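Undergrad: sequence and predicted structure below; questions after.
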Amino acid sequence: MKNIALILAGGRGKRFWPHSRFNKPKQFLATPGGNIMLRDTFERLLPYFNPEDIYIATIEDLFQPIREIIPEIDILNYIIEPVGKDTAASMALAALLITHYRGKDINIAIFPIDHYIPEKEKFYQLLDSSFQAVLRYNKPVIVGIEPKRKEPRYGYICAATQPDHFRQMNLYPINLFKEKPDFHWIEQYSKKNQLFWNSAIYIFPASMILTFIEKYMPALDNAIKEIALSIGTLSKSEVIKTQFRKIDSISFEYGILEKVNDLLVIKGDLIWEDIGSWQAMERFIPHDAQGNIVQGEYIGLDTRNCIIINDKGLTVTIGLSNLVIINDGPIQLIFPKNREGDIKKIINQMARNERFKKYI
């Protein structure tokens, strides 16, 4: 059984807007260690996977810049989408093409780019256990992280009672997967369930991805089957473009994981953080005496527990608390910390207005 890595690198990083924009998405932003996010992810995987077994899924607009960042990856190992249609479509297309060219007897480990995982040896041991579990039980495995706080920006996994034969591998059956629940849901379910954060690291038998797409996402399945018919023909690229224009943007979590009832979670006993949002900075950058995180020229009075990022001029605040304040030159973004999830909504609203599209 061959183990393959798939890096999902097609998103625009809307949670990091306006620093992450169309011409500089989050893939090219720096991690807390100073490396580029995408490069950091690739280098983390490289000791475990051979370069020929690492694939990158991205969109046409980002293909060339990504190739410059990761020249080690062969051009044939890129899964190129004409436009971004979220992770369900990205993973379905990748599973189709990888199984076509590499065979169906493959496990695929899927990795986002916006993770901070400093304990590499523990990470490799976790991958070993995850692949062993997939091989032994022929079920998909999700890497779960024990929650450190109530975090509605993450997916949550409700683990079932752990059978004795799962204990050695830190495995649990999954009772329920819930993508980005509210605080009330987290509070209620934490009383009766062992919860894990969804790390969005998935280890799947490759063909099972397509099986789930067929069962739970028929419109996407139809598109993938049309693309499959075009493989090996001169029309393949055009067929992919046509089919991607038709399908909806749906994440793998909403489209598949919330519906499947035969998954396993493996406890990720290591340091892990999602670094793809403004609030993630609070866990890496020192605070001042008032609890503020400040980058750039700033002066304030009675301002507490704010994230203040200023790339141009001077930012001045009076009597504010628990806000995120971003000055990105032509764009100023201000919002309460608990409304970070609404950044995507305002970007989508801007995308419908010709006056504001240039700022996305």
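TA: Received, thanks. Numbers count the residues shown, from 1 in each chain.
Undergrad: alpha carbons only: can I get the helix or strand where residue 348 lies in CSV?
TA: Using DSSP states H and E, residue 348 maps to helix 343-351. In CSV, the C-alpha atoms belonging to helix 343-351 read as follows (Å, rounded to 0.1, in the frame of the first residue of the first chain):
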residue,chain,number,x,y,z
ILE,A,343,-14.6,38.3,7.5
LYS,A,344,-15.5,35.8,4.7
LYS,A,345,-19.0,37.3,4.6
ILE,A,346,-17.8,40.8,4.1
ILE,A,347,-15.3,39.7,1.4
ASN,A,348,-18.1,37.9,-0.4
GLN,A,349,-20.2,41.1,-0.2
MET,A,350,-17.3,43.1,-1.6
ALA,A,351,-16.9,40.6,-4.5
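Undergrad: which strands or helices does it pack on?
TA: For helix 343-351, there is no helix or strand it packs on, judged by 3 or more Cβ pairs under 8 Å, 6 or more residues apart in numbering; DSSP states H and E. For glycine as for every other residue, the C-beta is placed from the backbone atoms N, C-alpha and C.
Undergrad: so which bits of it are buried?
TA: In terms of neighbour count (16 or more other Cβ atoms under 10 Å), helix 343-351 has its buried residues at 343, 347, 350.
Undergrad: same question for stretch 100-115.
TA: Buried residues in stretch 100-115 (16+ other Cβ under 10 Å): 102, 106, 107, 108, 109, 110, 111, 112, 113, 114, 115.
Undergrad: farthest pair within these?
TA: Maximum pairwise distance among the buried residues of stretch 100-115 (Cβ to Cβ): 26.6 Å, between 102 and 114.
Undergrad: what about residue 331, distance to residue 145?
TA: 32 Å (Cβ to Cβ, to the nearest Å).
Undergrad: try residue 311
TA: For residue 311, the distance to residue 145 - Cβ to Cβ - is 32 Å.
Undergrad: the two: which is more packed in?
TA: residue 145 (22 against 15; other Cβ atoms under 10 Å).
Undergrad: can you pull up the bridge partners for that one?
TA: residue 197 (DSSP bridges).
Undergrad: now for it: which residues touch it?
TA: Contacts of residue 145 were listed using Cβ atoms under 8 Å, 6 or more residues apart in numbering, and they are 196, 197, 199, 268, 272.
Undergrad: now those: which count as buried?
TA: Buried members of these, counted by 16+ other Cβ under 10 Å: 196, 197, 199, 268, 272.
Undergrad: want to throw these into TSV with distance to residue 256 and pLDDT?
TA: TSV is the format used below for the buried ones among the contacts of residue 145 (distance: Cβ to Cβ, whole Å; pLDDT from 0 to 100):
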residue	distance to residue 256	pLDDT
196	18	97
197	18	97
199	16	97
268	20	96
272	22	94
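Undergrad: for stretch 137-154, which positions count as buried?
TA: Neighbour-count burial for stretch 137-154 [16+ other Cβ under 10 Å]: 137, 139, 140, 141, 142, 143, 144, 145, 151, 154.
Undergrad: which one of these is nearest residue 278?
TA: The nearest one, if we look at these relative to residue 278 and count by Cβ to Cβ, is residue 151, at 14.0 Å.
Undergrad: which residues touch that closest one?
TA: Applying Cβ under 8 Å, 6+ apart, we find residue 151 in contact with 186, 197.
Undergrad: swap in the one 5 residues further on?
TA: Applying Cβ under 8 Å, 6+ apart, we find residue 156 in contact with 147, 177, 178, 181, 185, 186, 189, 195, 196, 197, 198.
Undergrad: distance check, the nearest residue to the last one once chain neighbours are set aside against residue 274.
TA: When the adjacent residues along the chain are set aside, residue 198 lies closest to residue 155, with 3.3 Å between them (Cβ to Cβ, 6 or more residues apart in numbering). Between residue 155 and residue 274 the computed distance is 11 Å (Cβ to Cβ).
Undergrad: next one: residue 14
TA: Residue 14 is 14 Å from residue 274, by Cβ to Cβ.
Undergrad: with residue 129 instead?
TA: On the measure of Cβ to Cβ, residue 129 and residue 274 end up 22 Å apart.
Undergrad: cool, residue 300 as well?
TA: 28 Å.
Undergrad: buried ones from the contacts of residue 156, can you make that a ChimeraX selection?
TA: Typed into ChimeraX, the line below selects the buried ones among these, using 16+ other Cβ under 10 Å:
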select :177,178,181,186,189,195,196,197,198
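Undergrad: out of the contacts of residue 156, which are inside helices?
TA: Secondary structure from DSSP state H places 185, 186, 189 of the contacts of residue 156 in helices.
Undergrad: contacting residues for the first one?
TA: Shown here is residue 185, whose contacts under the criterion Cβ under 8 Å, 6+ apart are 156, 178.
Undergrad: what of the last one?
TA: Neighbour list for residue 189: 156, 158, 176, 178, 181, 195 [criterion: Cβ under 8 Å, 6+ apart].
Undergrad: where's the one helix or strand residue 142 maps to relative to the chain centroid, distance-wise?
TA: Assessed by DSSP H and E, residue 142 sits inside strand 141-145. Chain-centre distance of strand 141-145: 13 Å, with Cα atoms, centre = their mean, to the nearest Å.
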